[in-house]
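>>> Sequence and computational prediction follow.
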Amino acid sequence: MAVTDMPLLGMLRTKMQWHQARQKLLAENVANADMPGFRPRDLAQPSFDRATGLAASTGSGMTLTNAGHIAASGDAGVGADPRRVTEFEIRPSGNGVNLEDEMMKSGDNQSDYQLAASMYQKSLDVLKIAIGKK
């Protein structure tokens with residue numbers, strides 16, 4: 001087993017990858033703020049198995065096995081969770097993007113990513129100290 005295959009490091013890597021994917025989705029929401037009929041999307045928070053540290057399956061039934069496959073209707077992709085928009089947030093054009101909410105989410109997502117990246121780096125530093133490389 002490689003040092004980087006430890007459960008804690010795997011969870012932090014998964015969390016950072018999730019934040020990267022979420023940032024892309026939030027940017028798409030902002031970019032499509034003026035598109036008629038566009039509904040904002042967000043990713044479901046990843047969950048981890050406490051015993052193994054591996055990402056727990058969501059049990060949705062269907063998964064994409066290839067990026068070229070078409071997602072099921074109403075599905076926004078792997079791990080996607082369409083955000084529910086209340087009626088008063090939808091403009092007459094049918095667009096439900098609230099730029100203030102999206103920018104707040106983007107800022108929170110960025111700080112959470114930086115925290116996970118910092119924890120990952122510090123964990124590697126501790127491991128290096130433990131094996132006498134630093």
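Good, I have the coordinates.
>>> ranges for the helices of the protein?
7-31, 99-131 (DSSP state H).
>>> okay, the ones you listed in a markdown table with mean neighbour count and mean pLDDT next?
(Glycine included, C-beta is placed from N, CA and C.) A markdown table is the format used below for the helices of the chain (neighbours: other C-beta atoms under 10 Å; pLDDT from 0 to 100):
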| stretch | mean neighbour count | mean pLDDT |
| --- | --- | --- |
| helix 7-31 | 17 | 93 |
| helix 99-131 | 14 | 94 |
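>>> Would you format the ones you listed as JSON lines with distance to residue 47 included?
Below are those laid out as JSON lines (distance: least, C-beta to C-beta, whole Å):
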{"stretch": "helix 7-31", "distance to residue 47": "10"}
{"stretch": "helix 99-131", "distance to residue 47": "15"}
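>>> Please state the backbone phi and psi of the residue nearest to residue 36 when sequence neighbours are not counted?
Take residue 36 and drop its neighbours on the chain: the residue closest to it by C-beta to C-beta, 6 or more residues apart in numbering is residue 93, 4.0 Å away. Backbone geometry at residue 93, expressed as degrees, to the nearest 10, gives phi -80, psi -10.
>>> Residue 93 contacts residue 37, correct?
Yes. Counting by C-beta atoms under 8 Å, residue 93 touches residue 37, with 7.0 Å between them.
>>> pull the CA atoms of stretch 29-46 into PDB?
This file holds the C-alpha atoms of stretch 29-46, laid out as PDB (Å, rounded to 0.1, in the frame of the first residue of the first chain):
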ATOM      1  CA  ASN A  29     -25.000  28.600 -13.300                       C
ATOM      2  CA  VAL A  30     -23.500  32.100 -13.400                       C
ATOM      3  CA  ALA A  31     -22.700  31.900 -17.100                       C
ATOM      4  CA  ASN A  32     -26.300  30.900 -17.900                       C
ATOM      5  CA  ALA A  33     -27.900  33.500 -15.600                       C
ATOM      6  CA  ASP A  34     -29.600  35.200 -18.600                       C
ATOM      7  CA  MET A  35     -30.600  32.100 -20.500                       C
ATOM      8  CA  PRO A  36     -34.400  31.600 -20.700                       C
ATOM      9  CA  GLY A  37     -35.600  28.500 -18.900                       C
ATOM     10  CA  PHE A  38     -32.200  27.600 -17.300                       C
ATOM     11  CA  ARG A  39     -32.400  26.000 -13.900                       C
ATOM     12  CA  PRO A  40     -29.400  26.200 -11.500                       C
ATOM     13  CA  ARG A  41     -27.800  23.000 -10.500                       C
ATOM     14  CA  ASP A  42     -25.600  21.900  -7.600                       C
ATOM     15  CA  LEU A  43     -23.700  18.800  -6.600                       C
ATOM     16  CA  ALA A  44     -24.800  16.500  -3.700                       C
ATOM     17  CA  GLN A  45     -22.300  16.500  -0.900                       C
ATOM     18  CA  PRO A  46     -20.100  13.400  -0.900                       C
END
